[in-house]
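Chemist: Sequence and predicted model, in that order:
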Amino acid sequence: MSDVVFDIQSAGKREQTKQQNRQAILDAAREVFAEMGYQAATVRDIIRRTGLSVGAFYNYYRSKEEVYEALSDDGVRRFRPILAAQYEAAADFQTYIRGAIGAYFDFLVEEHKVERAVHAPGERHPHLRTETPEMQAVFDQVRRSISGALAKDGGQAVDTDYLAAAAIAIAREIGERMVERRPINVPEAVEFAVQMILGGIPALPRLET
């Protein structure tokens, strides 16, 4: 019995160490990207900041790109509860879209200090996989919320896959432009994005029921 307890405790400590090492790598990457820019930073720069060995780093991530993906997923993971709260509070589709986009743009502004530092002026975002599990989860969440919000106010039946993809793309592109401008004007960006989405819905083909 004592051996079983010891094994469980050991497994728990190993998992805790893994989580701590992953977090140490992500924290170090944020600092390195902020100081050097994404393109100039190397895996060795990140490793030196963690105090881990080269082998330990590659136990968790295979490249700088994977570390950046993990940082991106971390932001997505933290935003999902905020997005869910907007749906729960929304009485109809328009309220949901306005609240969700407003919350997303506010989140971008909060994250912008790190993002601005990661990318030097004129530097392109690194090429990442088009989808990660976290990003797919957000897409599914938005699609379900859009479907539910349209049903709340008796909106027309439309292709929610396409509508979710369009809404996310509009929010992402306008959000990126918004944080590049000076001064940053969140209400203006929210209004533009919301009107783009709402204004296009009446022209969408209705789904047959």
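Modeler: Good, I have the coordinates. Residues are numbered from 1 along each chain as shown.
Chemist: Of all residues in this structure, which one is nearest the centre?
Modeler: Val76 (2.7 Å; CA atoms, centre = their mean).
Chemist: Do I have it right that that one meets Gln136?
Modeler: No: with contacts counted by CB atoms under 8 Å, Val76 stays clear of Gln136, the gap being 9.9 Å. The C-beta positions use only the backbone N, C-alpha and C, and glycine is treated the same way.
Chemist: How is this protein partitioned into domains?
Modeler: Residue ranges of the domains in the chain are recorded as 1-62, 63-209, according to automatic domain parsing.
Chemist: where does this structure dip in pLDDT?
Modeler: Along the chain, segments meeting pLDDT under 70 span 1-11, 113-131, 155-156, 209.
Chemist: which one's the longest helix in it?
Modeler: Ranked by residue count and defined by DSSP state H, the top helix of the chain is helix 2-36.
Chemist: in the helix or strand that that one is followed by, what counts as buried?
Modeler: Reading on from helix 2-36 to the C-terminus, the next helix or strand found by DSSP states H and E is helix 43-50. Neighbour counts over helix 43-50 (16 or more other CB atoms under 10 Å) mark 43, 45-47, 49-50 as buried.
Chemist: got TSV for the residues you listed, with distance to Ser147 too?
Modeler: Written out in TSV, the entries for the buried residues of helix 43-50 read as follows (distance: CB to CB, whole Å):
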residue	distance to Ser147
Val43	42
Asp45	45
Ile46	41
Ile47	45
Arg49	44
Thr50	43
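Chemist: Count the neighbours of Gly199 for me.
Modeler: Residues near Gly199, counting by other CB atoms under 10 Å, number 9.
Chemist: so it is in which element?
Modeler: Taking DSSP H and E as the definition, Gly199 sits inside helix 186-200.
Chemist: ok, and what's touching that helix?
Modeler: Defining contact as CB atoms under 8 Å, 6 or more residues apart in numbering, one finds that helix 186-200 is touched by 94, 97-98, 101-102, 105-106, 109, 166-167, 170-171, 174-175, 177-178.
Chemist: please redo it, this time with the cut-off set to 10 Å
Modeler: Here helix 186-200 makes contact (CB atoms under 10 Å, 6 or more residues apart in numbering) with 93-94, 97-106, 108-109, 146, 163, 166-167, 170-175, 177-179, 181, 185.
Chemist: before we move on, what about stretch 40-47?
Modeler: By CB under 10 Å, 6+ apart, the list of residues contacting stretch 40-47 reads 24-36, 48, 52-58, 61-68, 118, 120, 123.
Chemist: Could you pull up the contacting residues of Thr160?
Modeler: With contact set as CB under 10 Å, 6+ apart, Thr160 has these partners: 142-150, 167, 207.
Chemist: Need those residues in JSON lines (columns: secondary structure, distance to Glu15 and neighbour count).
Modeler: Supplementary listing: the contacts of Thr160 in JSON lines, determined by DSSP: H, G, I helix; E, B strand; the rest coil; distance: CB to CB, whole Å; neighbours: other CB atoms under 10 Å:
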{"residue": "Val142", "secondary structure": "helix", "distance to Glu15": "32", "neighbour count": "21"}
{"residue": "Arg143", "secondary structure": "helix", "distance to Glu15": "33", "neighbour count": "18"}
{"residue": "Arg144", "secondary structure": "helix", "distance to Glu15": "31", "neighbour count": "13"}
{"residue": "Ser145", "secondary structure": "helix", "distance to Glu15": "33", "neighbour count": "23"}
{"residue": "Ile146", "secondary structure": "helix", "distance to Glu15": "37", "neighbour count": "23"}
{"residue": "Ser147", "secondary structure": "helix", "distance to Glu15": "37", "neighbour count": "18"}
{"residue": "Gly148", "secondary structure": "helix", "distance to Glu15": "36", "neighbour count": "14"}
{"residue": "Ala149", "secondary structure": "helix", "distance to Glu15": "39", "neighbour count": "23"}
{"residue": "Leu150", "secondary structure": "helix", "distance to Glu15": "42", "neighbour count": "19"}
{"residue": "Ala167", "secondary structure": "helix", "distance to Glu15": "38", "neighbour count": "23"}
{"residue": "Leu207", "secondary structure": "coil", "distance to Glu15": "46", "neighbour count": "10"}
